[in-house]
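Asker: Task: produce atomic coordinates for the following.
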Amino acid sequence: MAYTSILYDLTGGIATITLNRPDVMNALSSAMRREVLAAMLRAQDEARVMVLTGAGRAFCSGQDLQDAGKIGSFDLERILNEEYVPMIKAITDSPIPTIAAVNGAAAGAGANLALAADIVIAAESASFIQAFTRIGLVPDAGGSYWLPRQIGMARSMGAMLLGDKITARQAADWGMIYACIDDAEFADSISVRARQLAAGPGVAYRGVKTMLRASFNNDLDGQLALEARLQGACGLTEDFREGVAAFLEKRPARFRGA
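Answerer: Numbers count the residues shown, from 1 in each chain. As a prediction, the model looks like this:
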């Protein structure tokens with residue numbers, strides 16, 4: 001597939017998807033959403049980790065308001081169900097780890113696209129804005145699901161009603177993202193983390209993602225049973241045997257990740 005609004009790179013088992021409309025702060029057009037979804041599904045087939053980032057000074061400014069038609073005639077329910085939901089689910093259901101490398105402003109659906117990733121790392125100059133009420137809308141793209149679980153009801157309500165900018169440092173302090181990194185070290189930090197995941201135990205990673213996603217809906221007995229089932233599957237892998245051998249031999253493990 002030829003991409004016109006994103007960049008796709010596969011190097012060393014790492015698929016990097018770059019939103020590439022810097023002139024409009026990587027606003028999400030319908031064409032971009034189709035390309036992002038296609039690239040995510042491609043990454044799941046050929047990579048061991050997926051990184052989503054933006055070109056230029058923004059990560060993503062959200063919905064491209066020039067793209068969907070005349071103001072007041074947007075079929076937003078259709079757009080969300082047919083174009084946003086598959087893209088968000090491609091992140092959350094991905095069998096490989098996903099990193100959102102938030103290089104700049106992430107607003108509206110752009111913020112929530114980032115928050116869907118397994119690990120969110122932001123440059124210190126980045127920010128997150130639930131900008132929906134500024135144009136008379138409610139949060140979408142999963143924001144009303146992620147934020148209360150990440151930062152609690154009080155902060156989520158304030159962020160969504162007021163539409164205030166949340167700095168990357170504040171987001172890290174609140175537990176909304178994994179880390180806030182100095183701008184000068186941001187690119188190297190993303191590379192290190194992506195390589196770490198690409199070299200890791202794939203079955204275990206899938207198990208971690210499965211158990212954490214399920215934990216909000218399970219009671220304790222259900223979660224303990226899920227842990228036992230997933231641990232049993234990991235215990236049968238070559239990665240487990242290699243991990244134990246490496247530990248006993250005091251050397252780095254060489255995981256296959258199958």
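Asker: what's the domain layout of this protein?
Answerer: Per automatic domain parsing, the structural domains of the chain span 6-198, 202-249.
Asker: Could you work out the end-to-end span of the last one for me?
Answerer: End-to-end span of domain 202-249 (C-alpha to C-alpha, to the nearest Å): 22 Å.
Asker: now it, how far from the centre of its chain.
Answerer: Here the centre of domain 202-249 is set off from its chain's centre by 21 Å, with C-alpha atoms, centre = their mean, to the nearest Å.
Asker: before we move on, what about stretch 124-138?
Answerer: Worked out by C-alpha atoms, centre = their mean, stretch 124-138 lies 17 Å from the chain centre.
Asker: cool, and stretch 191-206?
Answerer: Distance, stretch centre to chain centre, for stretch 191-206: 15 Å (C-alpha atoms, centre = their mean).
Asker: Now do the strands in the stretch 101-250 of the chain.
Answerer: All strands of the stretch 101-250 of the chain, identified by DSSP state E, counting those that start in this stretch, fall at 105-107, 119-123, 127-129, 165-167, 179-181.
Asker: can you redo those as JSON lines with mean neighbour count?
Answerer: In short, each C-beta sits where N, CA and C put it, glycine included. Shown next, in JSON lines, are those (neighbours: other C-beta atoms under 10 Å):
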{"stretch": "strand 105-107", "mean neighbour count": "26"}
{"stretch": "strand 119-123", "mean neighbour count": "25"}
{"stretch": "strand 127-129", "mean neighbour count": "24"}
{"stretch": "strand 165-167", "mean neighbour count": "17"}
{"stretch": "strand 179-181", "mean neighbour count": "19"}
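Asker: so can I have CSV of those strands showing mean pLDDT and distance to residue 46?
Answerer: As requested, those are arranged in CSV below (pLDDT from 0 to 100; distance: least, C-beta to C-beta, whole Å):
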stretch, mean pLDDT, distance to residue 46
strand 105-107, 97, 27
strand 119-123, 98, 20
strand 127-129, 98, 30
strand 165-167, 97, 34
strand 179-181, 98, 27
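Asker: Pipe those into CSV and attach distance to residue 85 per row.
Answerer: CSV is the format used below for the strands of the stretch 101-250 of the chain (distance: least, C-beta to C-beta, whole Å):
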stretch, distance to residue 85
strand 105-107, 19
strand 119-123, 20
strand 127-129, 21
strand 165-167, 24
strand 179-181, 28
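Asker: Of those, which is nearest residue 224?
Answerer: strand 119-123 (25.4 Å; C-beta to C-beta).
Asker: other SSEs contacting that closest one?
Answerer: strand 98-102, helix 168-174, strand 179-181, helix 183-198 (3 or more C-beta pairs under 8 Å, 6 or more residues apart in numbering; DSSP states H and E).
Asker: Let me have the ones you listed in CSV, extended by distance to residue 119.
Answerer: CSV is the format used below for the helices and strands packed on strand 119-123 (distance: least, C-beta to C-beta, whole Å):
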stretch, distance to residue 119
strand 98-102, 5
helix 168-174, 12
strand 179-181, 8
helix 183-198, 7
